[in-house]
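**Q** Build me a structure from this.
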Amino acid sequence: MTAIFLISVLFGLVCGQVMSSCVPTGYMMHVERKECAYCLSINTTICAGYCMTRDINGKLFLPKYALSQDVCTYRDFTYKTIEIPGCPHHVTPYFSYPVAVSCKCGKCNTDYSDCIHEAIKTNYCTKPQKSY
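**A** Model (predicted):
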């Protein structure tokens with residue numbers, strides 16, 4: 001009986017780690033500036049997925065920093081820079097954006113990540129589109 005219980009616990013731990021699917025995922029981003037004539041559709045990668053986490057029962061007795069849960073966040077990333085077409089000469093036409101290379105489950109770092117629960121739904125174009 002003990003061996004079966006031990007095997008089932010190990011199987012559950014292995015499946016839990018496999019189920020943590022925090023990976024770079026394709027994402028379509030729309031970029032526009034009000035001074036420029038066009039909106040760009042950019043294919044990039046972001047970190048997305050599920051991270052195993054636990055909710056602690058003793059919340060009243062722990063400091064607030066100990067209550068944060070793991071999120072799917074960047075391990076390695078690079079920046080790419082593109083030029084938005086149709087910008088007047090007095091406007092800088094360059095836009096830089098992050099590209100996820102690898103991801104991890106960990107604490108959200110507000111230096112380079114948006115750590116809110118729900119993002120504002122503004123990922124659309126109001127001007128003619130060009131693909132990058």
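**Q** how close does P98 sit to I82?
**A** Counting by C-beta to C-beta, to the nearest Å, the gap from P98 to I82 is 13 Å. All C-beta spots, glycine's among them, are computed from the backbone N, C-alpha and C.
**Q** Overlap in contacts, these two.
**A** Common neighbours of P98 and I82, counting by C-beta atoms under 8 Å, 6 or more residues apart in numbering, are absent.
**Q** doesn't G106 make contact with V71?
**A** Yes. Counting by C-beta atoms under 8 Å, V71 touches G106, with 7.4 Å between them.
**Q** neighbour-wise, which of those two wins?
**A** Using other C-beta atoms under 10 Å, the more surrounded residue of V71 and G106 is V71, with 18 against 14.
**Q** Now do the strands in this structure.
**A** Along the chain, counting by DSSP state E, strands occupy 23-32, 39-48, 71-83, 94-106, 129-131.
**Q** Where does pLDDT dip in this protein?
**A** Low-confidence segments of the chain, defined by pLDDT under 70: 1-20, 54-68, 112-123, 131-132.
**Q** Now do the closest residue to V71 other than its chain neighbours against S21, distance only.
**A** Nearest non-adjacent residue to V71, counting by C-beta to C-beta, 6 or more residues apart in numbering: C108, 4.8 Å away. Distance, C108 to S21, by C-beta to C-beta: 18 Å.
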